[in-house]
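A.B. asks: Quick one, structure for this:
(chains A, B and C)
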Amino acid sequence: MQQGPEEKTILQDVPWPDEPAVMAPGQTFGSVTDTIADAVLTRPIGLGWLFGLLVGMTLLGVLMAAVTYLFLVGVGIWGIEVPVAWGFAIINFVWWIGIGHAGTLISAILLLLKQTWRNSINRFAEAMTLFAVACAGMFPLLHMGRPWLAYWMFPYPSSMGVWPQFRSPLVWDVFAVSTYATISAVFWYVGLVPDLATMREKAKHPLTRKMYGILGMGWRGSARHWKNYEALYILLAGIATPLVLSVHTVVSFDFAVAIMPGWHTTIFPPYFVAGAIYSGFAMVLVLAIPIRKYYHLEGMITMRHLQNSAKIMLATGLIVAYGYAFEAFIAFYSGSTYERFMMQNRWLGQYAFLYWMLILCNILIPQVLWFPKVRAKTGWLFCISLVILVGMWLERFVIIVTSLSRDYLPSSWGHYTPTRWDYAVLAGTIGFFSAAMFIFIRIMPSISIFEMRTLLPEAEVKAK
Amino acid sequence: MSHAQLAPPIYGLLAEFDTATDLVNATKAAYAAGYRKMDAYSPFPIEEASEAVGFHKSRVPLIVLVGGILGGASGYGLQYWINCISYPLNIGGKPYQSWPAFIVPTFELTILFAGLCGVFGMFALNGLPMPHHPLFNVDRFSRVTRDKFFLCVEAADPKFDMEDTERFMRSLQPASISEVPH
Amino acid sequence: MKKESLVKIEAVCPSKMELAEVQEKLSRAKSGPQYWRSLEELAQSDGFFEMLHREFPRQASVWPEGTSRRDFLKLMSASMALAGLSACVKIPLEPIVPYVRQPSEVVLGNPLFFASAMPFGAYGSPVLVESHEGRPTKIEGNPEHPAGLGGSDVFSQASILDMYDPDRSQIITNVGELRTWSDYVLALEGALNSQKALQGAGLRILSGPTSSPTMGSLMEQVQTAFPQSKWVQWEPVNRDNVRAGSQLAFGQYVETRYNLEKADIILALDGDFLSSGFPGFLYYARQFAARRNPDLKEKMSRFYSIQSTPTNTSGKADHRLPVRASEVEQLARAIAAGLGAGGGGSVPPQYQKFVAAVVKDLQAHKGAAVVIPGDNQPPAVHALAHAMNAALGANGNTVTYTESVQAKPQDQTAALKDLVGEMNAGKVDLLLIVGANPVYDAPADFGFADAMDKVPLRVQHGLYQDETYDHVHWHINGTHYLEQWGDTRAFEGTASIVQPLVAPLYNGKSAYEFIFATVGSPESAGYDIVRRYWQDQVKGDFDTAWRKALNDGYIADTAFPAKTVSSKGGNIPSTNSISPEVMEVIFRRDPMIYDGSKANNGWLQETPKPITNLCWDNAVLISPSQAKKSGLVTGDIVEIDVNGRKVKGPIWPQPGHPDNSITVFLGYGRTKAGRVGTDVGFSGYKIRGSDAPWYAETRIKKVGEGFGFAHPQGFMYIDYSDLPKGTEPLKNRHIIRKATLADFISNPDFAHEGIESPPPEMTLYTNYKYTELKWGMTIDMNSCIGCKTCIVACQAENNIPVVGKEQTMRGRQMQWLRVDVYYEGGTENPNMFYQPVPCQQCENAPCEVVCPVGATVHSTEGLNDMVYNRCVGTRYCSNNCPYKVRRFNFLLFQDFTTPQFKMMRNPEVSVRSRGVMEKCTYCIQRISHGRITAEKENRKVRDGEVITACQQACPAGAIVFGDLNDPNSRVSKIKAQQRNYNLLEDLNTRPRTSYMAIVQNPNPELETSEPS
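C.D. replies: Sure, this is the predicted structure:
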């Protein structure tokens, strides 16, 4: 957060003369506080917000219906079959988990790298992580044949004396995802506490005061508290960083540990993580661009943030591209007839169209981000981000479906066609996600106020 | 002393400042003046401030370390006990102790325990949650969550004396001074 | 067994009555075993009528479009009304005798086996019936039976489901109203009295063909009682051609029997002798397999097949020649000429090489060669075959002739034609139909239904209220062969007594009782009828003979002796053939649902048919090249026009099918078969004329497209595929390993040459030791004839649900065992290979490692156990199974409500519900059974003591199972052979199931023409 001049490092993000600043000039502690807090407290509920919430809620309703029917009838309502026994559920799971990653990355890794520009976007990025992980977390449960027995995945002393099978990547998932969800949640909450105190003081209505008061834990900004607080915050960032990397690595193990051609490959962990960050930042932009516009936060979320995010997408996108290339190379270099066939089948087989679509969305189109002009246009950034989100979803589809539908014994090859219920669940989680986001920006400061204060020149202590 | 006996029972004296720099300087002065039971309050973390009030080392890192070790040990221990002692099974020809497979849950539990211990440790060390605190009786103090900086010298400090302390604090040119009633 | 014990067993399972009134009626009527006979007085109450009608509502078979078959099956839960009646075990009243080597009294939990025989068509197939506490649950082959040799076929395996079919007719009706047997007898007496005066001139009996001696004697009794009466036998897939052929050759009808054990060279003229339903199939399959063992070196037999429609038989041939059905005769004549057995004529140039080679080969093996004609070939071909066999000195060696096994054989088509004529002429007053469904399957040109409606009194006796039911006055519900006393003869004459395992579920009458009612007492039981007949036959102590017969499942030395026949001489008139330009349509009985009588059997409907691997439908088979020519693709609907008669069916391009020819499997398009079989496929009978019952001229035109087939396995070529050019060839996966006999002799290790197979010690871990028992299985692909009996046996043994067409199309079929078919070498005349794939029981099982809850783990005997109760259904194991042998209950496939099915299930196998993974377990229930017996007797499990269901059923004996720790066990010995190999060996999963590589024995002279 707050740096004395001697702490400046090359990592530190210093705007070039012609580049936009991290914060618009003319802000004070007070103005920062008010702009952010008033967006929640005093601003009247707008039609746009209502409409957005309505859409989200409607889709959420769809999810409820789909899940009810699913539990009543069984996973047979989906398109899955043998050989393709995993479908949308797992695709969506991986996709959502990936999206979540950007939040932790921004709040933890950028914090460690002293990227002060993160301060204005980390709060809702973390919220995004929470909701994305919540969406992802649903699927392992939903996709089970007997979801009411999901608790068997956890180690608890059962009367049968049986335990989870710890060699299974699915058990690893249980540990990784639940840990990830917990840590992200506390990280987010700890970050919120000082701002909740602010809200407590600013809130007019006694009830809201009480609410914020309780959540704020009676924070009073004591120097001692700040010291412990800072120590913890940096440590949380420190452990969240390997955690976030481990989570998508573990998710990639779901495939890498299996023996299916196209799954059993060591390149998966790095390029899954890169892909996760890739899609995560895309989602950040998809959220940030409208929010800053709608709530007039251009002063806090400046073009600089958007451009830096774009650069990160460009970088991670290239790592992903490398992943694809290396996957193909190894397939042929391995000398395994199954791997070679798998690759050829991706290029020419029944799902070839989707493969080339994903190459287009994930590799070709995003290259326009090389041009500063493009990075300077929010409209462009928004559209490209959407394209990338689609592309990353397709990537998981291609990995899961093409490998399973054309595996070892030609006699058992099959074809996967999703049903309307598959689409319903996907749409439903998107609804859940957006509804949650809409509610969040109305009840919590969507930018970290106290961290923004530290960005002001007055924040620096001129020791005498 | 007579003054002390006359002095009304209060929590302490609260001086308000406009900038972080003033706060830090004032705090340092107070510390130099021999005051110990005092604390600086600010709308955002100021490392110099905690240094100035003489709070140099946080115990949070230690707690996190202990939590992490605990988590890791219990993580691997659980898996070893289950697979090698409680219910050994031949799973696809893999040995009972498939340590490479056990690494992942071990790692995750390390993180989980470390994180949670840290968070609860921090709140415990800070004595939070504390819904009420005497400082909240001072209306101006509410701005500590916005844009003002405060220094509170507590009555419990042995060197505290109503007039002396007040006089001393005025010498720091605060924006205002107020008594903090219990 | 004695009555007391019966009563006891009744007590073991109290009846569960649904309707209160019936309950109290029963309680009044209850009296030991007699209690079930009280149905009649029960039936007085209106409430009971109502209940019965609700049991079978008129609309039962009419359901809204698009409802899946699975729904149909689930609808059976609607038939709860009779639950009380049917959910209880009913022991037959007469003493039945369990199979030898079994305790003769019921021990709860221990199944008993009873030897019996299943009458099928005109012949009987020997069976052992497994019975749990009086409930028959599984059919097995009878290893003692001289004609069965232990094997079994799909029909006998599936017959258990026939018996428990809730759609069976359960009541006696008169024009749809519930009646009782006595009502019927009254009505019958009236009609018979008037017939007595006319000497039965107006009495006609229409039955299926039978080999039952008792039924034969009944025929005579009827004849004597009503001299003028006529008894017509009719089955749609009859053997008239065979009979006519034998008439042509010998002037009399004789049964032809082959001895493939002695045959070095086999020439099939469309002869489908390796398919279930062919008389002697079980016997021939065993013999054929025995002579195909490549370890015989030069003595391995060679098989030429000249066939029209490719069948699993022709798939086994070393050389195939696909020709139009109408061309077979031409080739037969040419070959006959070559052998100096009459014939003559010329063959098209493209066939000459083949013919020459065959002739040469046959002549080189005089006395050890055999020619087998197909039932669907015209009499001339049969006559020629007889002549050729004579010329080859086959008679007495590879061919023997016997008396007709079928009782009173006749030219069925002609007889039926006369009957129709008489009915139209009003000469028939009383028509009794026994076990036949002519309204559905009579030749289209007869107009049987209309003619039949002219008969004043029409009575049907049968298992179903089928198409014919709508045209009769009286319907008597019949009994299944597991519910009745009877007898039958195997294809070589050996007689068996059919003994009931359970009293008639719905108190039906057996055919014997039904017929006997016309000549004798209507109340006499089938038991007495059959016994009385045999009492006259057997000399010496009858009771011991009877007991022995029941015990063994056959009556010793009743096989017909060989009969010397002399050729009638004279040249064989040629059948008028179809000109090569005109397209021909070939009619074949369906490999699974036969002539349609099995249409309501879910197991058979869902079992992929040999070669095509289609299920739940029949198709218009056409050669891929022909399809291309006519611009047809899979799923196009064509209208088949056989001189004016039209029917629509979907196109299925079938590799190996002759050009300018289409094949239609009969038996589909039932309109009143039951919930399963109604409105499935299209009926070939609609276009099948009496003049050309097996192949006819036709024209087809496309009238639609986009028909969806249920097809559990795609076409697979190991050398070619419809995959894009340049993709990795599939043959690199070494799924099928094969060689010619010559190569095998020169290089016995061909199955492992240049194929990576990691040695067991190549691992970082210490391998687990399986010290006690170590189960393993081998499947000899050289013996496997692709008949799919193993699949049905597995389904019956392991309570595997039927999922229906819709779910099968989605790739959710549940059969644990599948038989893959691989093609090699183009689409005109590809090589075909069958590969049964059960769970491979890998020692390094990929499925186990990924299961999050340990629902699939390894046992100390090396089995890949599946713990259903622990499974949470993540399906990860299925994804990670390279053999894709795991099956998942995506929905609630199992029918838990239908009482009949509750009785049918194997109590030793848990019934899986929704959301659970399941798979082959090597029949673990049988393994435990064997282990427990061994432990009780304090010894090791003997080799061959534990036999899996598929192994037991396999007619070719291709599957061998046993303990790998015992070096002398059959399975260990086979695994030691060089032909033995593992599937996907390079993955190092170390399967316990392994395969024996294929060795073919092609004629060097023809090899060039053989695609490689």
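A.B. asks: quick check: longest strand of chain B.
C.D. replies: If you go by DSSP state E, chain B has its longest strand at strand B:10-17.
A.B. asks: Okay, now the sheet partners of it, with direction.
C.D. replies: With DSSP bridges as the test, strand B:10-17 is paired with strand B:149-154 (antiparallel), strand B:176-181 (antiparallel).
A.B. asks: C-terminal to the first one, what's the next element?
C.D. replies: The element immediately downstream of strand B:149-154 (helix or strand, assigned by DSSP states H and E) is helix B:162-170.
A.B. asks: could you give the angle of that following helix to strand B:149-154?
C.D. replies: Helix B:162-170 and strand B:149-154 meet at an angle of 160 degrees, taking axes from the mean of the first three to the mean of the last three C-alpha atoms, to 10 degrees as the criterion.
A.B. asks: I'd like the strands paired with strand B:10-17 written out as JSON lines, with mean neighbour count added.
C.D. replies: The C-beta positions use only the backbone N, C-alpha and C, and glycine is treated the same way. What follows is the strands paired with strand B:10-17, written out as JSON lines (neighbours: other C-beta atoms under 10 Å in any protein chain shown):
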{"stretch": "strand B:149-154", "mean neighbour count": "26"}
{"stretch": "strand B:176-181", "mean neighbour count": "16"}
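A.B. asks: and C:Y823, how far is that from A:N345?
C.D. replies: 20 Å (C-beta to C-beta, to the nearest Å).
A.B. asks: so for stretch C:411-421, what's the average pLDDT?
C.D. replies: Here stretch C:411-421 scores 94 as its mean pLDDT.
A.B. asks: now swap in stretch A:442-461 and tell me
C.D. replies: Stretch A:442-461 comes out at a mean pLDDT of 82.
A.B. asks: can you check stretch C:457-474 too?
C.D. replies: In the prediction, stretch C:457-474 has an average pLDDT of 94.
A.B. asks: what's the offset of it from the middle of its chain?
C.D. replies: 25 Å (C-alpha atoms, centre = their mean, to the nearest Å).
A.B. asks: and what of stretch A:374-388?
C.D. replies: So, by C-alpha atoms, centre = their mean, the centroid of stretch A:374-388 is 18 Å from its chain's centroid.
A.B. asks: One more: stretch C:821-833?
C.D. replies: 25 Å.
A.B. asks: Can you point out the buried residues in it?
C.D. replies: Judged by neighbour count using 16 or more other C-beta atoms under 10 Å in any protein chain shown, the buried positions of stretch C:821-833 are C:821-827, C:829-833.
A.B. asks: distance between the ends of it?
C.D. replies: 6 Å (C-alpha to C-alpha, to the nearest Å).
A.B. asks: So which other helices or strands are in contact with the helix or strand harbouring C:L128?
C.D. replies: Here C:L128 is covered by strand C:123-132, with elements defined by DSSP H and E. Applying 3 or more C-beta pairs under 8 Å, 6 or more residues apart in numbering or on different chains; DSSP states H and E, one finds that strand C:123-132 makes contact with strand C:112-120, strand C:135-140, helix C:154-164, strand C:486-489, strand C:495-498.
A.B. asks: how does it look with 6 Å?
C.D. replies: strand C:112-120, strand C:135-140 (3 or more C-beta pairs under 6 Å, 6 or more residues apart in numbering or on different chains; DSSP states H and E).
A.B. asks: Out of those strands, flag the one nearest chain A.
C.D. replies: strand C:135-140 (26.2 Å; C-beta to the nearest C-beta).
A.B. asks: mind saving the C-alpha coords of that closest one as PDB?
C.D. replies: Written as PDB, here are the backbone C-alpha positions of strand C:135-140 (Å, rounded to 0.1, in the frame of the first residue of the first chain):
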ATOM      1  CA  ARG C 135     -38.500 -68.800  -8.800                       C
ATOM      2  CA  PRO C 136     -36.700 -69.600 -12.100                       C
ATOM      3  CA  THR C 137     -34.200 -66.800 -12.500                       C
ATOM      4  CA  LYS C 138     -31.700 -67.900 -15.100                       C
ATOM      5  CA  ILE C 139     -31.300 -70.200 -18.100                       C
ATOM      6  CA  GLU C 140     -28.100 -72.100 -18.700                       C
END
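A.B. asks: List the strands paired with it, with their directions.
C.D. replies: strand C:123-132 (antiparallel).
A.B. asks: quick revisit: would you turn the helices and strands packed on strand C:123-132 into a markdown table with mean pLDDT?
C.D. replies: Shown next, in a markdown table, are the helices and strands packed on strand C:123-132 (pLDDT from 0 to 100):
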| stretch | mean pLDDT |
| --- | --- |
| strand C:112-120 | 91 |
| strand C:135-140 | 92 |
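A.B. asks: Show me the strands in the stretch 851-1000 of chain C, by range?
C.D. replies: Using DSSP state E, counting those that start in this stretch, the strands of the stretch 851-1000 of chain C run over C:856-858, C:864-866, C:887-888, C:917-918, C:959-963, C:980-981, C:993-996, C:998-1000.
A.B. asks: Could you say which one of those strands comes nearest to C:E513?
C.D. replies: The closest of those to C:E513 is strand C:959-963. By C-beta to C-beta, the value is 40.2 Å.
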